[in-house]
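>>> Predicted model and sequence below, questions to follow.
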Amino acid sequence: MFHARTTVSLLGRCSGVRRYGSGSAPSGLVLQSQSTDVHQNLALEDWIDANVDLQQRGVLLLWRNRPAVVIGRHQNPWTECNLPAMRRAGIPLARRRSGGGTVFHDLGNLNLTFFTSKRAYDRQRNLKVITEALRRLRPGLDVHATDRLDILLNGHLKISGTASRLSRKSSYHHCTLLHSADRSALAAVLRPSCPGIHSNATPSVPSPVANLLDHAPTLQWEELLDALVHQYNTEFGFRAPLTFVDPADESEFPGIGAAAAELRSWDWTFGKTPKFSVQTLLDLRAGEAGGASARLRMEVKNGVIESCELDVPADWLPRRLSGELSGVLVGERFCPYRAAAAVSALLRGEDGERRDRLRRLSDAVVSAMG
């Protein structure tokens, strides 16, 4: 974790800014989260956005997470990440409230969130804080922000991605900064789970990435943090010390536990996925020569299966059974565990070869859900 410089009551400092008059000069806060839980840190972003008077105060939040995958507000997790691999590795999925693409977080990745009023929203200026800090630290590093609001190293290696959220009066802009992330884990989890998905969800744009440590091997975390805090204060004319905060502390952040629980929920993480359809071919051979295949068509809304059609050769499995399988899936979550539970009773009602083939078809359908 980062080293704290100062610890104060954030609630008092944040709530107190509402007393400032419109003629008061804006002041700054630089905060560092003690938590490495992705949902707590995303909830902390929302708490600051909702409770700090950003008309009178700029805030920079620095935070890191244990391994996690974070998707944008309008993305489809089944097309963005390898859900089975994440389950095996115990890597959680989180949906943030901002737009943008999917990112892998671990303790080698620094997240920076810049909070301002909507009027002062300026992502290029925020990225300038990062690029200028890196140039001051290591003048030999070739870093620059792009029109897409990424930061590239040596003209083509992405070290920072960006996303933002604008409310009626406030805004926040957050970005990653790859210091020493596990790039093999990143590559393993940022690949699709399910074939044949058709959707209007926002797709991620793959880019070659690099760690700062690969090109500046002596760059330490403490050195990086100090430079970023200094450059933020310099850029915006603040004199804010780095302040340690704990987003698990309800006395400091009333209601934050409920906000984190909502972000952890299936209804938010998967249920907020834009409507999509699935059209894919299922292989039913299971080692048999000359086996069969089936065509699966589904419509999924709010993460729930609205319709399901299975086109299976009638000489391989009676249409009655493939139709019953389709029927028990409608109304269920697009989730392998829920689907497997839904078909278990159907399987108990059959025996012999028909049971074996129905199980094979069921397993193929469940597998197609990631």
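That came through, no problem.
>>> other SSEs contacting the one helix or strand residue 342 maps to?
Taking DSSP states H and E as the definition, residue 342 sits inside helix 336-348. Applying 3 or more Cβ pairs under 8 Å, 6 or more residues apart in numbering; DSSP states H and E, we find helix 336-348 packed against helix 319-329, helix 352-368. Quick note: C-beta positions are derived from backbone N, CA and C, even for glycine.
>>> what does that helix rub up against?
Here helix 336-348 makes contact (Cβ atoms under 8 Å, 6 or more residues apart in numbering) with 321, 324-325, 328-329, 332-333, 355, 358-359, 362, 365-367, 369-370.
>>> Check the residues you listed for burial and list the buried ones.
Among the contacts of helix 336-348, the ones that count as buried by 16 or more other Cβ atoms under 10 Å are 321, 324-325, 328-329, 332-333, 358, 362, 365-367, 369-370.
>>> Nearest to residue 233 among these?
For the buried ones among the contacts of helix 336-348, the minimum distance to residue 233 (Cβ to Cβ) is 44.8 Å, reached by residue 370.
>>> which one is that closest one nearest to, not counting chain neighbours?
Leaving out its chain neighbours, the residue that sits closest to residue 370 by Cβ to Cβ, 6 or more residues apart in numbering is residue 193, at 3.1 Å.
>>> picking up where we left off before, let's have the buried ones among the contacts of helix 336-348 in a markdown table, adding pLDDT and distance to residue 100.
Listed next are the buried ones among the contacts of helix 336-348 as a markdown table, based on pLDDT from 0 to 100; distance: Cβ to Cβ, whole Å:
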| residue | pLDDT | distance to residue 100 |
| --- | --- | --- |
| 321 | 93 | 44 |
| 324 | 95 | 42 |
| 325 | 95 | 38 |
| 328 | 95 | 37 |
| 329 | 97 | 32 |
| 332 | 96 | 30 |
| 333 | 96 | 25 |
| 358 | 92 | 42 |
| 362 | 94 | 36 |
| 365 | 95 | 32 |
| 366 | 93 | 31 |
| 367 | 92 | 30 |
| 369 | 94 | 25 |
| 370 | 91 | 22 |
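>>> Nearest to residue 183, out of those residues: which one, please.
Nearest to residue 183 among the buried ones among the contacts of helix 336-348, with distances taken as Cβ to Cβ, is residue 370, at 22.8 Å.
>>> Quick check, the closest one in contact with residue 86.
No. With contact taken as Cβ atoms under 8 Å, residue 370 and residue 86 are classed as non-touching, separated by 9.5 Å.
>>> For the buried ones among the contacts of helix 336-348, give me JSON lines that also has distance to residue 58.
Converted to JSON lines, the buried ones among the contacts of helix 336-348 look like this (distance: Cβ to Cβ, whole Å):
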{"residue": "321", "distance to residue 58": "63"}
{"residue": "324", "distance to residue 58": "60"}
{"residue": "325", "distance to residue 58": "56"}
{"residue": "328", "distance to residue 58": "54"}
{"residue": "329", "distance to residue 58": "50"}
{"residue": "332", "distance to residue 58": "46"}
{"residue": "333", "distance to residue 58": "41"}
{"residue": "358", "distance to residue 58": "61"}
{"residue": "362", "distance to residue 58": "55"}
{"residue": "365", "distance to residue 58": "51"}
{"residue": "366", "distance to residue 58": "49"}
{"residue": "367", "distance to residue 58": "49"}
{"residue": "369", "distance to residue 58": "44"}
{"residue": "370", "distance to residue 58": "41"}
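>>> so where is the stretch 51-200 of the chain shaky, pLDDT-wise?
For the stretch 51-200 of the chain, no stretch is flagged by pLDDT under 70.
>>> show me where it has strands.
57-63, 68-71, 93-95, 103-105, 109-117, 143-145, 151-153, 157-160, 162-166, 170-178, 197-199 (DSSP state E, counting those that start in this stretch).
>>> The stretch 201-350 of the chain now?
Under DSSP E, counting those that start in this stretch, the stretch 201-350 of the chain gives strands at 242-245, 276-283, 293-301, 304-311.
>>> same for the shortest one, what does it pack against?
In this case it means strand 242-245. Strand 242-245 sits against strand 27-33, with contacts defined as 3+ Cβ pairs under 8 Å, 6+ apart.
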